[in-house]
Structures are given as structure tokens and as C-alpha cells.
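Asker: Requesting a structural model of the entry that follows:
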Amino acid sequence: MTTTEPPASGDATAQGDPSAVGQLMQGDPAQHLRTPVFRTLVVGWTLANVADSLLTLLMAVWVADLTGSAALGGVTFALLGLPALASPFLGHLADRVSRRRMLVFAYVVGALGLVPLFWVTRPDQVWVIFASTLVYSAVAYVTGACQSGILKDLLPDEALGHANGRLSMIDQVFRVALPIFGAAVYALVGVVPLVVAAIAGFVGAAVVFCLVRVTESRFEDEPGESYLAATTAGFRHLFGTQPLGRMTWNAVIVFASVGLVNAVVFAVLDGLGVPAAWLGPLTVLQGVAGFVAGAVTPRLMARFGRPRVYAVGILASGVALVPLMFSWVIPAVAGQALLGFGVTAAIIAWVTERQVRTPERLQGRVAAAGHLVNNLPGTVVTAIGAGLLAFVDYRVLVLANAVVVIGAGLVALRLRGAAAGAGADRDR
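Answerer: Predicted coordinates:
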């Protein structure tokens, strides 16, 4: 295939006004986010976000209620993460075809995959929920594989941080609102209206991406490259490009270790002397802090650079874990806000670094590799932590987590020098 390079300022053809595009290139990079094309894309991704977030928790709750088995509800959670194993193949596909059309196809399939849920009424039909859960959760991985490349094609590098911050803010709003809304609807009238809303979200997103036009880069085959080499190229780039590679290794360690706290969260709440129901409000608090991080992180990156913002975010996350070892309710609650802010800021900085350091032809594979290495280790460590809790005091696990995260943050502070030595550019 031939490679079509996108305009430096984004999709100028779609915007239709060269003078306006030239004006956007001057001044605040956030102005690139005010174009009709980007705003349309945000509408599409917002609808998809609603659809692929609305049923995430309720699928497991529905299974548990329908069968009376908490174990089968846990199986549903496991199925939500299973499509991560296919992410390298999805990333490779996203680099070979039109990412916009791939999203349309994925959202249509996601909507169709939810339709059989309308006929589920008995425990022996739980396999239908399992099948729908696999299709449903796979859509999020397709979005992850395609979104990065579309943003890279549409926006100049200096605007990518602002775009990631904006999308993170939207994600945090839904993280706060949808679980509360979904639980209320489910308790009052059941799951059917939520399934209808999720289908409508996917269909709406498909329509938006059918209508929007983006000048996309095209896949370029490497001479003599095998399918296996092409599929794993994202991992090689992710770990072999500096300072992105060092940031990625650091992130793998951090988010794997955080799995320990996820495994002992209820033991932590018990140690603080508060009921398990506090998990909901604390999650909301993390979401609000994450929303704030989405708003301010792009400007922090412009001032201090992406590696430094990543490092400080990780350090803040480690410090936020310390109060969980003691019976300090107020510091622990404040720490959850700091944790939400720190993790979100670090992820935005890492994702932006990944996008800037990756050529258009690899965006899908590198994004998919990033999703896998930052999610799978944490899932494994959570399972291990749950087993260790039977033999080890939860405070020891929290301490280990805090030491690892703070240590990783201190190591990450050195990435600024590594970035400078590699000729890294900064967001301006």
C-alpha cells in the first residue's frame, strides 16, 4: 500500500477553510480541539463511552442475581478482560484498514451483540450474557486501537495532550455518573432499559463515524516482514523507543503493583472502620479528582514536559497509598483524591508520549500493546494479592505497594534527563 501523509495541521480538507486552519496553528494548541471534525469525533466517542461503560458492572450483578452465584458473577468480570489478549491482532488490523470504518463496524457489532440479552430471563440462559459480555468488552479494545491513530492523523503533536486531557475528562464524568445511574435504573426497573441505552449509544457512535471524514494515514508494509513480526511491532516500538520505553517499563511495574491494593480494598475499608458501602463514594471522589487532572495536565505537560509530569503523578499516587496502612480516615479519604489525580495525570502524560513518539503507521499496534501491558499485569497481581490476603496482613501488602510506587516515581524523575538526551520535544 502507499502511504498518505495527513496535513500537518490535521484534517484541513474536512475543515474546508485554509485560512482558519492557519489561524489555529498560531496561539494556544487547545484551539485545534475547536474544529468541527474534532468536536464530531468527540461526540462519537462520547456515545461509545456511554455504551461500553453502562453495563460493565451490571453484567456481573445481573448474572449473580439471575443464578444466585457470586462465583458466576466473578466469571463475568474475568470475561470483561479476556479480549485484551486479542488486542495485538486488533492493533495490527487498525494499522491496515481505515480506522474510522473499523470503528463503525465495531460499534454495529457491539450493538448487535447486545440484542440477544432481551430474551434472557432464566438461569440456564446465562451463557448468552457471557457471549454478549465478550463482544461488548471487545469494543473498548477496538476503540483503544483506533483512537490513537485518528488523533495522530487529525492533530499536531502539540495538541495531542489537550485532546487526551479532554477525552479523559469525559471518561471521568461517566465513571462518576454511570455506575450511580445504572444501579438506580437496575434496582427500579431492571436491566432492559440499560441494554436499550447501550445499543442506542453504539448505533449513535456508528452513525457519527459514518458521517465524519478524516484524512487517514495508510499502512506501509516493511519489506520481508512476517505476520508475527508485524503484529508484535507495537511491543518492540513501545519498549525500544526512549524515553517512552523506560516510561512503559515503569508504568508496567506501577500498575501491576496497584493490583495489590485492588485485591485488599475491602480489608482496607474494614481497617479504617468504615462500611464497605464507602467504596462507591470513594470511587466517585477519585473520578472527580481525575476530571480535574484531565483539565490541568495538558498545561502541566507544556510547562514541565511529559516525563516529569508522569513521574510526579506516580509519586503522588504512591504517597496517597500511605494513609491506607493506618486508621486515619480523613487522610485516607484525601489520599483517594490524590490517587485519582496522580494516576490520571500519569496516564495522560504516558499516552501523549506514546502518541508523539509513534509514527502513524504503528499507532494502532502500539496503542493496543500499551493497553495489554498496562492492564494484564495488574489483573494477574490482583488475583495473587487476593490469595496472599489469607496469609499476609493487608497492611503489609499496602506497604509493599506504596514502596514500589514511590520508588518507581523516584526512578521516573530521572526520565527528564533521558528525554533531553534523546532530543525529546515538549508540548508547547
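Asker: Okay, domains of the protein per the record?
Answerer: Domain assignment for the chain by automatic domain parsing gives 12-211, 233-421.
Asker: Same list (these) but as TSV, adding distance to E225.
Answerer: No exception for glycine: its C-beta is placed from N, CA and C like everyone else's. TSV is the format used below for the domains of the chain (distance: least, C-beta to C-beta, whole Å):
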stretch	distance to E225
domain 12-211	11
domain 233-421	8
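Asker: Helices of the stretch 101-250 of the chain, start to end?
Answerer: Per DSSP state H, counting those that start in this stretch, the stretch 101-250 of the chain carries helices over the ranges 126-154, 157-189, 192-211, 227-231, 233-240, 244-263.
Asker: Can you list the buried residues in the second one?
Answerer: By neighbour count, and taking 16 or more other C-beta atoms under 10 Å as the criterion, the buried residues in helix 157-189 are 157-176, 178-179, 182, 185-186.
Asker: that older thread, could the domains of the chain go into a markdown table alongside distance to G224 and mean pLDDT?
Answerer: A markdown table is the format used below for the domains of the chain (distance: least, C-beta to C-beta, whole Å; pLDDT from 0 to 100):
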| stretch | distance to G224 | mean pLDDT |
| --- | --- | --- |
| domain 12-211 | 17 | 87 |
| domain 233-421 | 13 | 89 |
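Asker: Looking at the ones you listed, which is nearest to R218?
Answerer: domain 233-421 (7.6 Å; C-beta to C-beta).
Asker: what number of residues lie near V268?
Answerer: V268 has 21 neighbours, counted by other C-beta atoms under 10 Å.
Asker: Please give me every residue in contact with F235.
Answerer: With contacts defined as C-beta atoms under 8 Å, 6 or more residues apart in numbering, F235 is in contact with 88, 369, 373.
Asker: so which of those residues comes closest to V42?
Answerer: A369 (24.9 Å).
Asker: Looks like that closest one contacts F89 (just checking).
Answerer: No. Using C-beta atoms under 8 Å, A369 is not in contact with F89; the gap is 11.3 Å.
Asker: possible to save the helices of the stretch 101-250 of the chain as a markdown table with distance to R101?
Answerer: Below are the helices of the stretch 101-250 of the chain laid out as a markdown table (distance: least, C-beta to C-beta, whole Å):
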| stretch | distance to R101 |
| --- | --- |
| helix 126-154 | 10 |
| helix 157-189 | 21 |
| helix 192-211 | 8 |
| helix 227-231 | 20 |
| helix 233-240 | 20 |
| helix 244-263 | 28 |
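Asker: about what we covered before: looking at A369 and F89, which is more packed in?
Answerer: Set A369 next to F89 and count neighbours by other C-beta under 10 Å: A369 wins out with 26 against 15.
Asker: Quick one, which of the domains of the chain gets closest to S226.
Answerer: Once the domains of the chain are compared by C-beta to C-beta, domain 233-421 is nearest, at 10.5 Å.
Asker: count of residues packed around the residue nearest to L55 when sequence neighbours are not counted?
Answerer: Distances taken as C-beta to C-beta, 6 or more residues apart in numbering place A198 nearest to L55, at 5.4 Å, with adjacent residues excluded. Neighbour count for A198, taken as other C-beta under 10 Å: 25.
Asker: so what's R39 up against?
Answerer: Contacts of R39 by C-beta under 8 Å, 6+ apart are L33.
Asker: separation between it and Q363?
Answerer: 21 Å (C-beta to C-beta, to the nearest Å).
Asker: Between the domains of the chain, which one is closest to Y227.
Answerer: domain 12-211 (8.2 Å).
Asker: what packs against the helix or strand harbouring T283?
Answerer: For T283, the element it lies in under DSSP states H and E is helix 279-304. Under the contact criterion of 3 or more C-beta pairs under 8 Å, 6 or more residues apart in numbering; DSSP states H and E, helix 279-304 touches helix 157-189, helix 265-272, helix 306-321, helix 329-357.
Asker: can you give me the angle the first one makes with helix 306-321?
Answerer: What that stands for is helix 157-189. Counting by axes from the mean of the first three to the mean of the last three C-alpha atoms, to 10 degrees, helix 157-189 lies at 30 degrees to helix 306-321.
Asker: the inter-axis angle of helix 157-189 versus helix 192-211?
Answerer: Interaxial angle, helix 157-189 versus helix 192-211 (the same axes, to 10 degrees): 150 degrees.
Asker: packing partners for helix 157-189?
Answerer: helix 36-54, helix 56-67, helix 126-154, helix 192-211, helix 279-304, helix 329-357.
Asker: got the buried residues for the last one?
Answerer: Within helix 329-357, the residues that count as buried by 16+ other C-beta under 10 Å are 332-333, 335-357.
Asker: go on, the shortest one?
Answerer: Taking 16+ other C-beta under 10 Å as the neighbour-count basis, helix 56-67 is seen to contain the buried residues 56-64, 66-67.
Asker: correct me, but A205 touches L41?
Answerer: No. The pair A205 / L41 is not scored as a contact, 10.2 Å apart, by C-beta under 8 Å.
Asker: separation between P275 and L282?
Answerer: In terms of C-beta to C-beta, P275 sits 11 Å off from L282.
Asker: Mind checking which of those two has more residues around it?
Answerer: Using other C-beta under 10 Å, the more surrounded residue of P275 and L282 is L282, with 20 against 9.
Asker: Against S98, how distant is the closest residue to the more buried one other than its chain neighbours?
Answerer: Nearest non-adjacent residue to L282, counting by C-beta to C-beta, 6+ apart: Q336, 4.9 Å away. Note on Q336: its distance to S98, by C-beta to C-beta, is 41 Å.
Asker: Spatially nearest residue to L362, not counting backbone neighbours?
Answerer: Of all residues not flanking L362 in the chain, H237 sits nearest, at 5.5 Å (C-beta to C-beta, 6+ apart).
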